[in-house]
Structure formats: C-alpha cells, structure tokens
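Student: predicted structure and sequence below. I'll ask about it afterward.
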Amino acid sequence: MAPDHEKAARDLLRFYADAGVDALVGEEPVDRFAEPAAAQTQAPAPAAAPLAERRPLAMTAASASRMPAPAIAAPPPPEEAVMAAREAAKKAATLDDLRAILERFEGCALRTTAKRLVFADGDPKARLMLVGEAPGREEDIEGLPFVGRSGKLLDLMLKAIGIDRMQVYIANIVPWRPPGNRDPSLHETSICLPFIQRQIELVDPQILVCLGKPSAATLLGVTDGIRKTRGRWLTYRNGANEIRAMPTFHPAYLLRSPLEKRFAWRDFLAIKKALAG
Ligand code: URA
C-alpha cells in the first residue's frame, strides 16, 4: 500500500478509536458501495464475532495497511480480568509498585486505546484524596489526572479553601482514557476497582472526596443522584479500613451548571473544617 494510503488508513482508524469504536467485527474491509444493490439487500449480514474473539482496534490498523499484525493478546474475559486485577493489586506494597503493576496489566482493553496510564498526581502522603471518574483527552496526553478544563476548576476550588493541588492526592476510578471520552463500562470499572481500592489503602487519607456520581457509586455504593448525596459525610470501607468520605459535584458538571457551584463551595468549606478538626 502506498504511504499516503497507509497514512489515510491510520488517520481513519484513529478517528474511529477517538469516536469510541474499540472492537473489530470483520477481518477484511468491505466496500459496501461496490456491491450490487440486490446483493446488499439479500446477503445476510456477517455475524459479529463473539466479544471474547474480537480483537482490539489497535490490531486493525495493521491489517488495514497490510502490515503483519503486532502480537497483542486479546484481553481476558471480564471475570478473569477482575480476578487478575485483584491478585495484581494485592501484590503492590507501595504506590510505585502499584503504578508499575498497572503499567504491565493487560486485563483492561482501555489501555490499548489510551495513550498512557493516568495514575495520580499530588502528595502520596496527603490527608485529602480526591477521586474522579476517568481521564479525558488532556489527561491522556499528559499522563496526569485533572489537568484539563475541569482540572483547572478543581485547582481553583481547592485554592478557595487554602489548599494547593500538590498538597492533595488526586486519582481516578479508571486510570485509562475511554475512547472518545465515553463513560467507562461496568466491566471496565470492575476491572479497575481493585487498583483504586489498593491506591486508597496505600495513601490512607484522612478524608476521601468522590468527584461525581460514578466515583461515589463505585467507592461508596451510593445509588441516589449526586444532587441528593453531595455534602453528606459517609464512610468509605475497604476491609478493616474506614475513611470519612464525601461525594460532591464533579468539576465538569459545575462547568456546565455554574449555579451549582454554591453547593460545591459549601462542600469544600465542610472539607476544610474536617481537615482542621
Ligand atoms: N474527569 C475525571 O473524572 N478525571 C480526570 O482526570 C479528568 C476529568
């Protein structure tokens, strides 16, 4: 294939990946426009491969440009991946271990579409830990959580209560950007859960703040909406570990609904008071 076709194929696949396409349903590209109209209506649609047999999009770039496919193993089925994640997370004795384990972990397909692991930012000995949902585009590029628009707002919210971003510890439930910024699936969240649980255990903060409903639901088991649960002191439990925890609005939501900032302000004042106490 000529180099400009190769580039066009790569650009197209990158576009698909950014739009959220992360599975292959056929081995060969099919030019549907070239098929006679009758065949288009009569031919049965090719059956999609079962999920376990589908290959990550990263491999289709190679087949589209006729290059030998790189040896990337298909991710294991979700239950196996959750078990593998639990086993792997348990082995981390330090945060550095945990980061290294996550860098090697192949059980979550998000790692194949993300540019890099977004592990954490801030002080690993912080008394305040904040957990968001998943990295976005800027975070994926920089490899740090909350560095995009919502991160800038989070920095301002912390500053408003006299705290610098580097004095807290910031992480996400899912440490890889979902393609096209889609929500992480339940399976992806379950696979990543043992890692964030271990991360919280190793930081052992005095206060845990869940930014947005997905974080609060995953870590605190709350099922009500964030407008109902925000500002309430709850308990984060993981084995014998108990930490005071509060759900609050996600900064991305506050960017869309600035009137809610007054409630977030109340939450942050309560957090400041709790840290002083
Ligand atoms: N939103 C999140 O939940 N986490 C980030 O790191 C950035 C945006």
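Tutor: That came through, no problem. Keep in mind that what you see is a predicted model, and the values were worked out from it rather than measured.
Student: tally of neighbours for the residue in the stretch 51-200 of the chain positioned nearest to the ligand?
Tutor: Per CB to the nearest ligand atom, residue 132 is where the stretch 51-200 of the chain lies closest to the ligand, at 2.8 Å. (Glycine included, C-beta is placed from N, CA and C.) Neighbour count for residue 132, taken as other CB atoms under 10 Å: 27.
Student: and the one 10 residues further on, by the same measure?
Tutor: Applying the criterion other CB under 10 Å, we find 16 residues in the vicinity of residue 142.
Student: equivalent analysis for residue 255, please.
Tutor: Residue 255, neighbours per other CB under 10 Å, totals 13.
Student: quick check: it touching residue 151?
Tutor: No. Residue 255 is beyond contact range of residue 151, at 10.8 Å (criterion: CB atoms under 8 Å).
Student: what does the stretch 101-250 of the chain have sitting close to the ligand?
Tutor: 132-136, 139, 145-146, 148, 150-151, 172 (CB under 6 Å from any ligand atom).
Student: what do you get if the cut-off is 8 Å, keeping everything else the same?
Tutor: By the rule CB under 8 Å from any ligand atom, the part of the stretch 101-250 of the chain lying against the ligand is 118, 132-136, 138-139, 144-148, 150-151, 170, 172-173, 211-212, 214-215, 250.
Student: in helices, which of those fall?
Tutor: 138-139, 150-151, 214-215 (DSSP state H).
Student: got phi/psi on the closest residue to residue 264 other than its chain neighbours?
Tutor: Spatial nearest neighbour of residue 264, chain neighbours left out: residue 249 (4.9 Å); criterion: CB to CB, 6 or more residues apart in numbering. Residue 249 adopts backbone torsions of phi -70, psi 150, taken as degrees, to the nearest 10.
Student: residue 260 is in contact with residue 249, correct?
Tutor: Yes. Counting by CB under 8 Å, residue 260 is a contact partner of residue 249 at 5.7 Å.
Student: which of the two has more neighbours?
Tutor: Ranked by neighbour count (other CB under 10 Å), residue 249 and residue 260 place residue 249 first, with 21 against 16.
Student: identify the residues contacting the more buried one.
Tutor: Neighbour list for residue 249: 211-212, 226, 230, 260, 263-264, 267 [criterion: CB atoms under 8 Å, 6 or more residues apart in numbering].
Student: ok, which stretches of the stretch 101-250 of the chain are strands?
Tutor: Assigned by DSSP state E, counting those that start in this stretch, the stretch 101-250 of the chain shows strands spanning 121-122, 128-132, 169-172, 207-211, 234-238, 241-248.
Student: the fifth one - what's its average pLDDT?
Tutor: Per-residue confidence for strand 234-238 averages out to 95 on the pLDDT scale.
Student: next, the angle from it to strand 207-211.
Tutor: If you take axes from the mean of the first three to the mean of the last three CA atoms, to 10 degrees, strand 234-238 sits at 100 degrees to strand 207-211.
Student: do the same with the last one
Tutor: Counting by the same axes, to 10 degrees, strand 241-248 lies at 40 degrees to strand 207-211.
Student: tell me the helices and strands packed up against strand 241-248.
Tutor: Packing partners of strand 241-248 (3 or more CB pairs under 8 Å, 6 or more residues apart in numbering; DSSP states H and E): helix 186-203, strand 207-211, helix 213-220, helix 226-229, strand 234-238, helix 261-276.
Student: which secondary structure element contains residue 6?
Tutor: Using DSSP states H and E, residue 6 sits in helix 3-18.
Student: what about residue 195, distance to residue 124?
Tutor: 15 Å (CB to CB, to the nearest Å).
Student: any stretches of this structure with poor pLDDT?
Tutor: For the chain, residues meeting the criterion pLDDT under 70 lie at 1-5, 7-75.
Student: find the residue closest to residue 99 in space, skipping its chain neighbours.
Tutor: residue 119 (4.8 Å).
Student: shouldn't that neighbour be in contact with residue 102?
Tutor: Yes. At 6.5 Å, residue 119 counts as touching residue 102 under the criterion of CB under 8 Å.
Student: residues contacting residue 164?
Tutor: By CB under 8 Å, 6+ apart, the contact list for residue 164 reads residue 158.
Student: hang on, the earlier thing: can you list the strands of the stretch 101-250 of the chain in JSON lines and add distance to residue 183?
Tutor: Supplementary listing: those in JSON lines, determined by distance: least, CB to CB, whole Å:
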{"stretch": "strand 121-122", "distance to residue 183": "22"}
{"stretch": "strand 128-132", "distance to residue 183": "13"}
{"stretch": "strand 169-172", "distance to residue 183": "13"}
{"stretch": "strand 207-211", "distance to residue 183": "14"}
{"stretch": "strand 234-238", "distance to residue 183": "22"}
{"stretch": "strand 241-248", "distance to residue 183": "17"}
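Student: please consider this matter closed, and thank you.
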